[in-house]
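**Q** predicted model and sequence below, questions to follow.
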Amino acid sequence: MAKIKINGKDYETDGARTILDVTRKNGIEVPTFCYNPELSIAANCRMCLVEVKGAPKLMPACQTDVRDGMEVLTASPKVKEWQAQNLEFILLHHPVDCPICDQAGECQLQEHYQKYDRGKTRLWSHEDKLPKSKRKVLGPHVIHDAERCILCTQCVRFCHEIWGEHLLDSQYRGDHREIIVAHGQALDFPYSLMVVDVCPVGAMTSRDFRFAKRVWMLHKAEGFCAGCATGCAAYIDSDEDHVYRLRPRRDDAVNRVWLCDDGVLSGRLHNEDRVTGATAAGKALDERAALREAARLLEGARGQSVAVLSAEYTTEDNLAMARFATEVLGATDLYLAARPDGEADRLLRSADKNPNRAGATAAAGKAVKPVSELAGAEAGFVVALGGIGTPPAGAKVLVLSARKGDMTAAADVLLPAPTFAQCAGTYFNAKGMARSFGPAIAPKIHEKPLPTSVAGVLDGICAAMGVAHRTGDLAPAVAKIAASLAVPADDASTKEGAKP
Amino acid sequence: MEKYEEKELYLSAEPMKVNLGPSHPAMHGTVRIVVGLEGEVIKHSDVQVGFLHRGFEKECEASTWNQVIPYTDRLNYASPLLNEIGYVLAVEKLLGVDVTRRAKVLRVILGELSRIMDHLVCNAAMCMELGAFTPFLYLVKTRDYIYLLLEKITGQRVMHSYMRIGGLKYDVTEGFEEEVRALFPKVMQCVVDVEALLVKNRIFIDRTVNVGCVTAEQALGHGWTGPCLRSTGVDYDVRKAEPYLVYGDLSFDVPVGTNGDNYDRFQCRFAELRQSIRIVEQALAMLEPGPVMLDLPDMGLPPKDEVYTSIEGTIRHFMIVMKGGVVPAGEVYMATETANGELGYYIVSTGGGGPHKCRVRPPCFANMSAMSQMIDGGFLADVIPTFGSINMIGGECDR
């Protein structure tokens, strides 16, 4: 094992290949733009140059292999001078865009400038800056601002190496160089927004997020994408009850650092078609009155009802519904509602577009029927979780749902349930891995408290009905499901990781 | 006309509880004093402060280093620049930087002008409490001459927000020196007029001498500083004890009283005002052209022409506004002599964009602690003038 000296201190390389690997592992600061651990090394931004003893020039830390006895300086006067010069060079033609740039606030260029340069421009006039295309449409989701681009080529490498198609390229040289869509191609593939995610500056902009929100106003919560059965780890960025975007969160066992376009845009599941308040017979009610209406609706339901569970909702929500249906209503059959299958691909996307089919099925505790058979069922009462499905004609319908659908349209009493961004709970993805999370959007202080769980709403109905049943602690049941679905340890590792 | 029995018109000799404030025209500043009266004599009193508590210190923890400056204006709002100077000096001490000579001299000049304003308005209020309304109008009118000048320089009449970490927001306007010099005859004329009306006035002397007496020992025990402490005969002045800015190079006296009563506090303030004029005159002679702001890339906002035309300026502006600048981790206590005494800032930095803790030692909080003792045994009518002589400023005392 090689030993190297960085800034006068000894480090074991510990299997690391390059100088940057060692510095990153040991928390030594070396600024980068073009480096991405998931992509090949380009060494074109020249930001990570360090002094290596014996080498006549500064060396790129990301590309220089470590060798035993190497002596590296990452913050010598020579390196610092270089960093400032390099940033001056990168900023030379950079437009004065921070006030209108989506990236401002999470921009590496801003951070590096403030830390490593802080100089003044030597350009005679800002009108000397080279104009380039400000809004080049690269594909359905991405608009490129060539002036802001620092030509790190992470976007080019992402398309080529991770997705496997050479969709982007660059043309011209020197100042005039810019990113283009490769000849005969379009940036139209299911991961095109990852190009925006890898961009260290504001050159690649998401059509969806463009000019929508300043990033420092976003509340950034750790959660999971609820768009399909893969269960990618994500940050859910929201403000004022609106989810603006999802960003990939590192999870080496599932999505590494990627997320599909559907996932990035899955804030729609929270923003659109929301059930915002309780209704009975189409009339808006306050929550307490709605609970009383629900109790009245369910009079005489015992033994004559069926319940619908949902693969869109957490295991906890489904457990609560299953317990309520069997213990309070004596439901004869349990159905499972789910969004229809969609496209799948080799990278992340599952054909099953539900985050929790495994968990919901397990929560039923017995065989479930597909919701498509519900319309033909013989039942006087239907209690449904989620808006999917059509109840049998003539049945009285109670629905708890976050989003509108056929079921909510047919509901006699409709109660709002928390959306994926509001709820806390556990999903079990296609591989049976537990994905536990807390609410990404907390209910606002001055608002009426939102239903934070389906269990809470159902307990409210029980209280209104005068029934002693309460949902109780769901954790042991979830743990039991987790144990039954658990995959052997070696299977859960990166075997089916993000790399094709 | 209704007839009263003679007996009914006597004030009760039984102890009577009377509330003064917190919202009463006479209690300038929101303070509540509950007094137990026997006739007109105060047997016991309970002084309650805190009605103007705004959470200044807590607010600072949620602000960036520069955002705190306008808040400090609202401490002692009768002399805002002195609070600003104390704060920026504390942060500069933490940063380990020394501002330019011109900035220092200008800070001294503007600070002393603020002190003059503060003393003018404090004495004005105090004589008004005694029924002397004419001096009040004279003095407050004179204060406005200074306000006009400060408004011209800083762009704001009362809440100037003019000091910056590393110097001043911008240089003073042209003709500043002449305008400052032109103030002095007006101020002195007014002070002379007011003194002619009051200092040998029998009523004024009867109402102030030996009223609200505090001995030097008591004053020190209460942590008094400033003109109130000096009125008891202790010559403690932070400008002399631990000179900051250019006070070490200036010659001025520290006026002290003998008796520690309302009369001495009144006289001390006017004497100090004369010393302030002396300081400003010397400082004006020291004033040389030069920059007023250091180039602090992590703290000072770049000039606007750079912000609007270069990406470097835009980024620097953005990063300082959004992240709040960089101050090394550490803690510091910096005391300055404000109009009311020793204003101390105890600031802790953890290297973040704003103060981790910003504790203020407000001089008039300590001064107010003796209030009850000063009014007990005195007349009810003397409560308000005594309170006025302390110069309790709610913004500073309650924070």
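**A** Yes, it's here.
**Q** quick check: closest non-adjacent residue to the residue in chain A sticking out farthest from the centre.
**A** Relative to the C-alpha centroid of chain A, counting by Cα atoms, centre = their mean, residue A:54 is the outermost residue, at 45.6 Å. Computed as Cβ to Cβ, 6 or more residues apart in numbering or on different chains, the closest residue to residue A:54 that is not its neighbour in sequence is residue A:71, at 7.8 Å. The way it works is simple: take the backbone N, C-alpha and C, and place the C-beta from them, glycine included.
**Q** need the pLDDT of the one you found.
**A** On the pLDDT scale, residue A:71 is placed at 93.
**Q** didn't it look like it was pressed against residue A:53?
**A** Yes - the criterion here is Cβ atoms under 8 Å, and residue A:71 meets it with residue A:53 at 3.9 Å.
**Q** the two - which one has more neighbours?
**A** residue A:71 (13 against 10; other Cβ atoms under 10 Å in any protein chain shown).
**Q** how about that one: which residues does it bridge to?
**A** residue A:5 (DSSP bridges).
**Q** for it, give its distance to residue A:411.
**A** 72 Å (Cβ to Cβ, to the nearest Å).
**Q** now swap in residue A:383 and tell me
**A** Counting by Cβ to Cβ, the gap from residue A:383 to residue A:411 is 10 Å.
**Q** related to what we said a few turns ago, quick one: contacts for the residue nearest to residue A:54?
**A** A:4, A:5, A:52, A:53, A:54 (Cβ atoms under 8 Å, 6 or more residues apart in numbering or on different chains).
**Q** in the chain, where is pLDDT below threshold?
**A** No chain in the question, so chain A it is. Residues of chain A meeting the criterion pLDDT under 70: A:443-452, A:487-500.
**Q** try again with chain B
**A** B:1-2, B:6-13.
**Q** got the residues of it near chain A?
**A** Neighbours of chain A within chain B, by Cβ under 8 Å from any Cβ of the partner chain: B:297-298, B:306, B:308-316, B:318-319, B:322-323.
**Q** can you pull the contacts of the residue of the stretch 1-150 of chain B found nearest chain A?
**A** At 12.5 Å from chain A, residue B:64 is the closest residue in the stretch 1-150 of chain B, using Cβ to the nearest Cβ. By Cβ under 8 Å, 6+ apart, residue B:64 lies in contact with B:320, B:321, B:323, B:324, B:325, B:353, B:354.
**Q** pretty sure it sits in a helix.
**A** No - under DSSP: H, G, I helix; E, B strand; the rest coil, residue B:64 sits outside any helix and is assigned coil.
**Q** what sits against the closest residue to it other than its chain neighbours?
**A** Nearest-residue entry for residue B:64: residue B:324, 2.9 Å, with adjacent residues in sequence omitted and distances by Cβ to Cβ, 6+ apart. Residues counted as contacts of residue B:324 (Cβ under 8 Å, 6+ apart) are B:63, B:64, B:65, B:66, B:67, B:352, B:353, B:354.
**Q** repeat that with 10 Å
**A** For residue B:324, the contacting residues are B:63, B:64, B:65, B:66, B:67, B:68, B:298, B:299, B:352, B:353, B:354, B:355, by Cβ atoms under 10 Å, 6 or more residues apart in numbering or on different chains.
**Q** and for residue A:20?
**A** Residue A:20 is in contact with A:28, A:30, A:32, A:35, A:37, A:41, A:43, A:48, A:50, A:60-64, A:66, A:74, counting by Cβ under 10 Å, 6+ apart.
**Q** out of the residues you listed, who's the most crowded?
**A** residue A:61 (29 neighbours).
**Q** contact residues of the stretch 201-350 of chain A facing chain B?
**A** Contact residues, the stretch 201-350 of chain A versus chain B (Cβ under 10 Å from any Cβ of the partner chain): A:214, A:216.
**Q** just want the residue of the stretch 201-350 of chain A that's nearest chain B.
**A** residue A:216 (6.3 Å).
**Q** neighbours around that residue, how many?
**A** Applying other Cβ under 10 Å, I find that residue A:216 has 11 neighbouring residues.
**Q** nearest spatial neighbour of it, chain-adjacent residues omitted?
**A** Nearest one to residue A:216, counting by Cβ to Cβ, 6+ apart, is residue A:105 at 4.5 Å.
**Q** what residues do residue A:383 and residue A:411 have in common as contacts?
**A** A:297, A:391, A:396, A:397, A:398, A:399, A:400.
**Q** give the contact list for the residue nearest to residue B:258 when sequence neighbours are not counted.
**A** Leaving aside its sequence neighbours, residue B:258 sits nearest to residue B:233 (Cβ to Cβ, 6+ apart; 5.7 Å). By Cβ under 10 Å, 6+ apart, the contact list for residue B:233 reads B:215, B:216, B:219, B:256, B:257, B:258, B:259, B:260, B:264.
**Q** with respect to residue A:115, which of the residues you listed is nearest?
**A** Among these, residue B:219 lies closest to residue A:115 (Cβ to Cβ), at 50.6 Å.
**Q** next, count neighbours for residue 257.
**A** Picked chain A for this. Residue A:257: 20 neighbours (other Cβ under 10 Å).
**Q** look at chain B instead
**A** Other residues close to residue B:257 by other Cβ under 10 Å number 22.
**Q** that one touches residue B:209, doesn't it?
**A** No - here residue B:257 lies out of contact with residue B:209, judged by Cβ atoms under 10 Å, at a distance of 11.1 Å.
**Q** overlap of the contact sets of these two?
**A** Residues touching both residue B:257 and residue B:209 (Cβ under 10 Å, 6+ apart): B:263, B:264.
**Q** out of the residues of chain B next to chain A, which two sit at the greatest distance?
**A** B:309 and B:323 (22.4 Å).
**Q** in the chain, where's the longest helix?
**A** In the absence of a named chain, this looks at chain A. Using DSSP state H, we find that the single longest helix of chain A is helix A:77-91.
**Q** um, chain B though
**A** Longest helix in chain B, counting by DSSP H: helix B:101-129.
**Q** buried residues, that helix. List them.
**A** B:102-129 (16 or more other Cβ atoms under 10 Å in any protein chain shown).
**Q** put the alpha carbons of stretch A:55-64 into CSV.
**A** Backbone C-alpha positions of stretch A:55-64 (Å, rounded to 0.1, in the frame of the first residue of the first chain) are rendered in CSV as follows:
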residue,chain,number,x,y,z
ALA,A,55,7.0,17.7,-11.3
PRO,A,56,8.0,20.8,-13.2
LYS,A,57,4.4,22.0,-13.6
LEU,A,58,1.2,21.8,-11.4
MET,A,59,-0.6,18.5,-11.8
PRO,A,60,-4.3,17.8,-12.0
ALA,A,61,-5.2,15.9,-8.8
CYS,A,62,-8.1,14.2,-10.4
GLN,A,63,-5.9,12.5,-13.0
THR,A,64,-2.6,12.1,-11.4
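**Q** show residues contacting it.
**A** A:6, A:17-24, A:28, A:30-32, A:34-37, A:41-52, A:70, A:72-74, A:76, A:78-79, A:81-83, A:86.
**Q** list only buried entries from these.
**A** A:6, A:18-24, A:28, A:30-32, A:34-36, A:41-43, A:45-52, A:70, A:72-74, A:79, A:82-83, A:86.
**Q** how close does residue B:223 sit to residue B:46?
**A** In terms of Cβ to Cβ, residue B:223 sits 20 Å off from residue B:46.
**Q** please report the distance of the residue most central in space within chain B from chain A.
**A** With distances taken as Cα atoms, centre = their mean, residue B:339 lies nearest the centre of chain B, 4.1 Å away. The gap separating residue B:339 from chain A is 38 Å, by Cβ to the nearest Cβ, to the nearest Å.
**Q** how about that residue, what does it touch?
**A** Contact analysis of residue B:339 by Cβ under 10 Å, 6+ apart lists B:76, B:78-79, B:82-83, B:111, B:114-119, B:121-122, B:226-227, B:269, B:272-273, B:276, B:363-364, B:391, B:393, B:396.
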